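> Okay, predicted coordinates and the sequence, questions at the end:
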Number of protein chains: 2
Amino acid sequence: MSIKIKVVLVEPLYEGNVGSVARAMKNFGLKDLVLVNPCKLEGAAKAMASHAKDILNKATIYETLNDALSDDSSIVVATTGIKTAKKDEHLRFPALSPKELKYKINGFCKNSSQITLMFGRENIGFTNDELKLCDLLVTIPTSQEYPIMNLSHAASILFYELSDTDIGNFVPADKFDKDLLIDHIVMLLTSINYPEHKFDKTCLMIRRIIGRANLTSREVQTLRGIIRNIQRKMRLL
Amino acid sequence: MSIKIKVVLVEPLYEGNVGSVARAMKNFGLKDLVLVNPCKLEGAAKAMASHAKDILNKATIYETLNDALSDDSSIVVATTGIKTAKKDEHLRFPALSPKELKYKINGFCKNSSQITLMFGRENIGFTNDELKLCDLLVTIPTSQEYPIMNLSHAASILFYELSDTDIGNFVPADKFDKDLLIDHIVMLLTSINYPEHKFDKTCLMIRRIIGRANLTSREVQTLRGIIRNIQRKMRLL
């Protein structure tokens, strides 16, 4: 996570949701939770937070959203499930998609920027006065039939989209290795007298398949081992 | 949603999670829920499903994952939270990120393709035998500190990421054809006395490569033709 993200829940109604959001925050490396006039947080909040009880315990609580936002946050983003506002409704329109929001904040400077990501009440979202406090709106594209998401689901998707955590353990084979594999296959095709009229087309097909398969270096070695085994067997027979 | 996505929950332990997944499915236009030997579904499942009780009620229930997968699904994707597997661990590696998965299935043809998206148990995920049944692995990039996500959060993120998948004109080979190819390769490995201690691991590796490569039906036929040529040559020599 390269940008500091503060999460603000405005008057959450269900403690389980608060715990769930805390868990999702920790899953994506976020720490800073702010609660505005929340419901009571007891057993269910802790149960849903699972290993993120620390985030729950350290949450800052304010009476009003105004108080919660009176700091140096550079960008205040409100999430909204409402997508059908008229064009002249400046309060709720236009909203960015999570991907658009990510693109927008991507260029922010790491050291000077903080995003405040606000989520409204489970039933009515934000009041108009609250929406006036935000710089950007974001909405998750959903089915028309049932657009209202669970609070922690919406939060998870935004945390996911805004975090740029890599998986980072996939090391694809380099071109040199893949070319050796392809040459090896071509050699094999030659040695089995693969029909000449299909030869070039088949070689191209194999190159394309290898391109698509995202082979690791180790997989290339194993495949070449198989071909060597075939060649040895053919020589022996 | 342009590609048909079937959601399979394997032995979910908490009914609230099943309901939550149903809700997230409906939020993203998915309908087809399959449960393998689930926990009892009572009040909490319905409460969390909210306006997606219809998906819960229509869910198909199977005794085993094998039964649940015995249909025409072209691509079986398992979600896994484990990201630290060693390079030589074919079972859990390499896993795609949700964005990579989306990119991979982007070109599939609407009419002939179905993705089966499997989620494991909340505590232990999938068994190794279950993982062997899948073509692709996907994992959500998370914080190292707390990588274990709530089931419905992980599901929401995948539904979100896959939901604006484009329709292409790429017709992937079906499971039957791919299985024939794999059997054919296994036969070839046997006939070249491929070392026994590497045999199973290599077979699994080949299944995964084939899963990742998005082979077309025609490519499967050509590859099988090559193997037939090799077998003929070996018999002649």
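Nice, I can see it. Numbering: from 1, shown residues only, chains lettered A, B, ... in the order given.

> Please count neighbours and contacts with C-alpha atoms only from this point.
Will do.

> Can you classify A:Lys46 by secondary structure?
Secondary structure for A:Lys46, judged by DSSP: H, G, I helix; E, B strand; the rest coil, is helix.

> Quick one: residues contacting it.
Contacts for A:Lys46 (CA atoms under 8 Å, 6 or more residues apart in numbering or on different chains) come out as A:Gly16, A:Gly19, A:Lys53, A:Leu56.

> any idea which helix or strand carries the residue minimising distance to the centre of chain A?
The residue lying closest to the centre of chain A (CA atoms, centre = their mean) is A:Tyr160, at 3.0 Å. Using DSSP states H and E, A:Tyr160 maps to helix A:151-162.

> same for that helix, what does it pack against?
Judged by 3 or more CA pairs under 8 Å, 6 or more residues apart in numbering or on different chains; DSSP states H and E, the packing partners of helix A:151-162 are helix A:15-27, helix A:98-106, helix B:151-162.

> To A:Gln144, which of the ones you listed lies closest?
helix B:151-162 (14.0 Å; CA to CA).

> by contact count, what packs against the next helix or strand after that closest one?
Downstream of helix B:151-162, the first helix or strand assigned by DSSP H and E is helix B:175-191. Under the contact criterion of 3+ CA pairs under 8 Å, 6+ apart, helix B:175-191 touches helix B:196-212, helix B:217-236.

> what's the nearest residue to A:Val42 if we skip its chain neighbours?
Rather than Val, residue A:42 is Glu. Leaving aside its sequence neighbours, A:Glu42 sits nearest to A:Glu15 (CA to CA, 6 or more residues apart in numbering or on different chains; 7.2 Å).

> Output the helices and strands packed on helix B:175-191 in CSV, with distance to chain A appended to each entry.
Output for the helices and strands packed on helix B:175-191, formatted as CSV (distance: least, CA to the nearest CA, whole Å):
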stretch, distance to chain A
helix B:196-212, 5
helix B:217-236, 5
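
> okay, these, which one's buried deepest?
Of all the helices and strands packed on helix B:175-191, helix B:196-212 carries the top mean neighbour count, a mean of 18, counting by mean count of other CA atoms under 10 Å in any protein chain shown.

> what about dumping the CA coordinates of that one to PDB?
The C-alpha trace of helix B:196-212 is given here as PDB (Å, rounded to 0.1, in the frame of the first residue of the first chain):
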ATOM      1  CA  GLU B 196       8.500 -43.100 -11.200                       C
ATOM      2  CA  HIS B 197       9.500 -40.700  -8.400                       C
ATOM      3  CA  LYS B 198       8.800 -37.800 -10.600                       C
ATOM      4  CA  PHE B 199       5.800 -39.200 -12.400                       C
ATOM      5  CA  ASP B 200       2.800 -37.900 -10.400                       C
ATOM      6  CA  LYS B 201       4.400 -34.400  -9.900                       C
ATOM      7  CA  THR B 202       5.100 -34.100 -13.600                       C
ATOM      8  CA  CYS B 203       1.500 -35.200 -14.600                       C
ATOM      9  CA  LEU B 204       0.100 -32.600 -12.300                       C
ATOM     10  CA  MET B 205       2.500 -30.000 -13.700                       C
ATOM     11  CA  ILE B 206       1.300 -30.800 -17.200                       C
ATOM     12  CA  ARG B 207      -2.400 -30.500 -16.100                       C
ATOM     13  CA  ARG B 208      -1.700 -27.100 -14.700                       C
ATOM     14  CA  ILE B 209       0.200 -26.000 -17.800                       C
ATOM     15  CA  ILE B 210      -2.700 -27.100 -20.000                       C
ATOM     16  CA  GLY B 211      -5.100 -25.300 -17.700                       C
ATOM     17  CA  ARG B 212      -3.200 -22.100 -18.000                       C
END
